[in-house]
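Mind folding the following:
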Amino acid sequence: MAFDDTLTGLAAEIQLATPRQFVLFPGERLPIRVNARNTGAVTWHDPAIFRAAGRVYRFRSDGARQLLPDEWRLDFDLDRHGPVVPGAGYSFSGRLVAPAEPGEYVLTVGLVAEDLGWLATLPVEILLTVRAPE
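Down below sits the predicted model:
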């Protein structure tokens, strides 16, 4: 099936390959690695479209999650890896910067087709505890 600029035929399974919890300081960089398997019918071929992505939520005092405004992306290195055909996998990796304010956060990680939407997979979560500098 050819990519038709829609989410039709796009699906993935993701697995976190880094710890599910980090304790860090504001602005500290944390390593992220996500293994993804193409479970759809369309080959992932364009690094400008297919990326691992995430959102950061802060836990409020009432236990609810507050979405922070910035999303982040881990790029797909087509030159190094080549297209990802259905059934094959790819490891997205990079470093993200911890939130600037101390607190409890959750980072959700999923796959996105830019300008189209999130692939229909359950995101994985990473708990972040950001401590005040001593």
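
in the chain, what spans have low per-residue confidence?
47-48, 120 (pLDDT under 70).

Helices of this protein, residue ranges please.
Here the chain has its helices, by DSSP state H, at 78-81.

all strands in the chain, in order from the N-terminus.
12-16, 21-24, 29-38, 50-59, 65-74, 89-97, 103-113, 117-118, 124-130 (DSSP state E).

Buried residues of the longest one, list them for me.
Same thing as strand 103-113. 103, 105, 106, 107, 108, 109, 110, 111, 112, 113 (16 or more other Cβ atoms under 10 Å). Every residue, glycine included, has its C-beta placed from N, CA and C.

One more: the fifth one?
By neighbour count, and taking 16+ other Cβ under 10 Å as the criterion, the buried residues in strand 65-74 are 72, 74.

Over to the third one?
By neighbour count, with 16+ other Cβ under 10 Å as the criterion, the buried positions of strand 29-38 are 30, 32, 34, 36, 37, 38.

Would you convert those residues into TSV that also reports distance to residue 65?
Listed next are the buried residues of strand 29-38 as TSV, based on distance: Cβ to Cβ, whole Å:
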residue	distance to residue 65
30	19
32	19
34	20
36	24
37	28
38	29
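
how far away is residue 71 from residue 96?
11 Å (Cβ to Cβ, to the nearest Å).
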